[in-house]
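In: Test case, fold it:
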Amino acid sequence: MQHEIKSFIACDADFDEARAVIFGAPFDSTTSFRPGTRFGPAAIRNESFGIETYSPYQDKDLTDIKVFDSGDLELRFGSPVSALDDIQAHTKEILDAGKLPVMLGGEHLVTLGAFRAVTEKYGTDVHIIQFDAHTDLREDYLGEPLSHACVIRRCHDIVGDGHIWQFGIRSGERYEFEFAREHGHIYPTGLEGVRFDAVDDCVKALAGKKVYLTIDLDVLDPSVFPGTGTPEAGGATFNQLLSAIMKIGSLDIVGMDINELSPHYDHSGASTAMACKILRELLLAVLG
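Out: Next up is the predicted model:
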């Protein structure tokens with residue numbers, strides 16, 4: 001693999017010495033509402049130099065860890081099958097080198113490609129922790145089973161019952177919530193707010209197990225993160241999400257992604273800046 005010319009801040013280690021590899025999956029061909037997540041990975045890299053490498057929350061610094069940024073994949077728009085195949089192949093290359101894949105979306109469907117590679121390597125006892133506003137458990141969306149509205153259902157097809165842990169959920173069809181309660185672990189957002197307190201129980205339950213972490217940035221409330229394609233009121237604050245990430249960082253994370261930043265819906269740039277900060281904290285929580 002070759003260096004990305006402009007990498008995420010401080011993620012410029014040589015491939016051989018790196019513990020983790022960042023790559024972008026700029027794909028949004030199945031977006032159901034407002035497109036634009038294909039511009040997310042580049043925006044995160046470009047704006048990352050507006051934040052520091054040091055985290056005062058964790059007293060850790062990106063300069064103390066080794067991360068390689070391999071840049072964005074050149075995905076074929078209009079073909080979810082081809083895009084997922086390319087993402088899976090790239091993730092497999094990273095895993096085969098003994099490194100942690102860190103993917104930047106793109107729409108949430110891209111998670112499926114990376115997750116396929118993770119389960120190919122580690123088997124189907126991998127658990128998913130999902131931070132999201134939406135269940136993403138539809139069987140299909142307008143007849144299409146490969147949609148960002150169906151991504152977690154497709155992951156369930158691989159790992160089966162009891163392996164999916166969902167936090168921040170506040171939107172979906174009735175049958176999706178019923179499916180989640182019957183086949184997984186869902187902690188939906190109600191009038192009392194986001195139920196991130198249940199993350200503690202999740203961390204205890206998954207100790208010693210392989211975990212894939214996926215963060216759909218629309219888990220955040222649109223008042224603090226408007227730059228996303230499907231905003232949903234009633235979401236998390238940055239501090240709530242950060243606290244949960246720091247707890248999950250103690251688990252055996254074998255793959256992770258952040259997705260669904262559409263930078264042009266927030267002309268202030270604040271959403272992109274927050275995405276950069278979340279990525280920094282995620283890297284430090286897992287690798288620091």
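In: where do the helices sit along the chain?
Out: Secondary structure of the chain (DSSP state H): helices located at 40-47, 80-96, 110-122, 151-159, 174-183, 199-205, 238-248, 270-287.
In: Just give me the neighbour total for Ile65.
Out: When neighbours are counted by other CB atoms under 10 Å, Ile65 registers 19. In short, each C-beta sits where N, CA and C put it, glycine included.
In: Leaving aside the residues adjacent along the chain, what's closest to it?
Out: Leaving out its chain neighbours, the residue that sits closest to Ile65 by CB to CB, 6 or more residues apart in numbering is Leu287, at 4.6 Å.
In: what's the burial count for the one you found?
Out: Look at Leu287: counted by other CB under 10 Å, it has 19 neighbours.
In: Equivalent analysis for Lys92, please.
Out: 18.
In: so it sits right up against Tyr122, yeah?
Out: No. Using CB atoms under 8 Å, Lys92 makes no contact with Tyr122, being 11.8 Å away.
In: Please identify which of the helices of the chain is closest to Ala20.
Out: Nearest to Ala20, of all the helices of the chain, is helix 270-287, at 5.9 Å by CB to CB.
In: What's the separation between Gln269 and Pro263?
Out: Small correction: residue 269 is Gly, not Gln. Gly269 sits 8 Å away from Pro263, going by CB to CB, to the nearest Å.
In: contacting residues around the residue lying closest to Ala133 once chain neighbours are set aside?
Out: Excluding its sequence neighbours, the residue lying closest to Ala133 (CB to CB, 6+ apart) is Glu232, at 3.9 Å. Applying CB atoms under 8 Å, 6 or more residues apart in numbering to Glu232 gives the contacts Ala133, His134, Arg170, Ser171, Asp218, Pro222.
In: I'd like to know how many residues surround Ser250.
Out: Ser250 has 12 nearby residues by other CB under 10 Å.
In: excluding its backbone neighbours, what's nearest it?
Out: Once flanking residues are discounted, Ser250 sits nearest to Val203: 6.5 Å by CB to CB, 6+ apart.
In: Count the neighbours of that neighbour for me.
Out: Residues near Val203, counting by other CB under 10 Å, number 18.
In: That one and Met246, how far apart?
Out: Going from Val203 to Met246 by CB to CB gives 10 Å.
In: again, but for Ala233
Out: Distance from Ala233 to Met246, counting by CB to CB: 26 Å.
In: cool, and Phe179?
Out: Per CB to CB, Phe179 is found 30 Å from Met246.
In: Neighbour count: the two, which is higher?
Out: Applying other CB under 10 Å to Phe179 and Met246 shows that Phe179 carries more neighbours, namely 21 against 18.
In: dump the residue contacts of the nearest residue to that one once chain neighbours are set aside.
Out: Nearest residue to Phe179, sequence neighbours excluded (CB to CB, 6+ apart): Leu137, at 5.3 Å. If you count contacts by CB under 8 Å, 6+ apart, Leu137 has them with Cys150, Ile152, Arg153, His156, Gly172, Glu176, Phe179, Ala180.
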